[in-house]
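1. Sequence plus the predicted model coming up.
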Amino acid sequence: MAKKRGLSVEEKRAKMMEIFFETKDVFQLKDLEKIAPKEKGITSMSVKDILQSLVDDGMVDSERIGTSNYFWAFPSKALHARKRKLETLESQLSEASQKKKSLEESVEKAKVGRQDTKERSELSEELALLRQQRDQQKAELEQYKECDPDVIEEIRKSNMVAKDAANRWTDNIFAVKSWAKKKFGFEERKIDKTFGIPEEFDYID
């Protein structure tokens, strides 16, 4: 019986994003280390690294509140990041194609009535490099386009739900602050400073 292949890094990243999009919730690392192996087949040992890579790429947001770190992903942000990446790739592809066409024309002109020259050799090398870059960009562009239709549709449907979930957490934080002020007589500024809550912290419109 063939040994089951483990998930690649990109597959783990995609499945980790599914957790956020499907639940529309905010998690701590320990929560994800329990959920990811059970529901998505991501080993608990790799959860932290995969999560950090998503945070570094701007796909997942994180915030430290008190002594705990919380993680969440707004679908609208993921959509905008993907759109920006697609626009960048399309622009790079267009530029590479135009330069390739110009170089091909130069090479063709150089062939007419001429022997091989240093300039022609350099142009050929640059053309080969541009072709390679173009192929890489095409492959990356296709990778993003393949996951776009379903993801964008899911994002449109879940955007409002995700915003409501974030605002519920904002409600919880305001409730805790109110309780602390009444119970212990703390000033609001002292509570914010102690738990690292920024002054501009508020509901999402």
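-> Done, it's in.

2. can you pull the contacts of K138?
-> Contacts for K138 (CB atoms under 8 Å, 6 or more residues apart in numbering) come out as L93. All C-beta spots, glycine's among them, are computed from the backbone N, C-alpha and C.

3. Centre of the chain to the one helix or strand it maps to, how far?
-> Applying DSSP states H and E as the criterion places K138 in helix 118-146. Taking CA atoms, centre = their mean, to the nearest Å, one finds the center of helix 118-146 at 25 Å from the center of the full chain.

4. for the protein, which residue is closest to the average position?
-> In the chain, the centroid-proximal residue (CA atoms, centre = their mean) is M59; its distance is 2.9 Å.

5. So that residue: helix, strand or coil?
-> coil (DSSP: H, G, I helix; E, B strand; the rest coil).

6. R5 too?
-> State at R5, reduced to three classes by three-state DSSP: coil.

7. let's number from 42 now, not from 1
-> Sounds good: first residue 42 from here, last item R46.

8. Tell me who's in contact with it.
-> R46 touches nothing, counting by CB under 8 Å, 6+ apart.

9. do you know how far it is from A77?
-> 18 Å (CB to CB, to the nearest Å).

10. ok, now Y111?
-> Applying CB to CB to Y111 and A77 gives a distance of 16 Å.

11. Which parts of the chain are helices?
-> For the chain, applying DSSP state H gives helices covering 50-64, 70-76, 85-97, 116-152, 159-187, 189-225, 229-236.

12. tell me, which of these is the model least confident about?
-> Lowest mean pLDDT within these: helix 189-225, at a mean of 65.

13. domain parsing for this structure?
-> 50-114, 117-189 (automatic domain parsing).

14. Those: which one's closest to W210?
-> Comparing the domains of the chain by their distance to W210 (CB to CB), the top pick is domain 50-114, with 5.4 Å.

15. one step back: which stretch among the domains of the chain is buried most, on average?
-> Of the domains of the chain, the one with the most neighbours on average (mean count of other CB atoms under 10 Å) is domain 50-114, at a mean of 16.

16. Now the terminal residues of that one, how far apart.
-> With CA to CA, to the nearest Å as the measure, domain 50-114 spans 18 Å from end to end.

17. Can you give the distance of it from its chain's centre?
-> Its chain's C-alpha centre and that of domain 50-114 lie 12 Å apart, by CA atoms, centre = their mean.

18. just stretch 224-240 next, same as before
-> Counting by CA atoms, centre = their mean, stretch 224-240 is centred 32 Å from the centre of its parent chain.

19. got the CA positions of that stretch in PDB?
-> Presented in PDB, the C-alpha positions along stretch 224-240 are these (Å, rounded to 0.1, in the frame of the first residue of the first chain):
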ATOM      1  CA  LYS A 224     -15.200  46.200  39.600                       C
ATOM      2  CA  PHE A 225     -11.800  47.800  40.300                       C
ATOM      3  CA  GLY A 226     -12.300  51.500  39.600                       C
ATOM      4  CA  PHE A 227      -9.700  51.400  36.900                       C
ATOM      5  CA  GLU A 228      -9.400  54.400  34.500                       C
ATOM      6  CA  GLU A 229     -10.100  53.600  30.900                       C
ATOM      7  CA  ARG A 230      -6.700  54.900  29.800                       C
ATOM      8  CA  LYS A 231      -4.900  52.600  32.300                       C
ATOM      9  CA  ILE A 232      -6.900  49.600  31.000                       C
ATOM     10  CA  ASP A 233      -6.000  50.400  27.400                       C
ATOM     11  CA  LYS A 234      -2.300  50.800  28.300                       C
ATOM     12  CA  THR A 235      -2.200  47.600  30.400                       C
ATOM     13  CA  PHE A 236      -3.800  45.400  27.700                       C
ATOM     14  CA  GLY A 237      -2.300  47.100  24.700                       C
ATOM     15  CA  ILE A 238      -5.600  48.400  23.300                       C
ATOM     16  CA  PRO A 239      -5.000  51.300  20.900                       C
ATOM     17  CA  GLU A 240      -6.800  54.600  21.300                       C
END
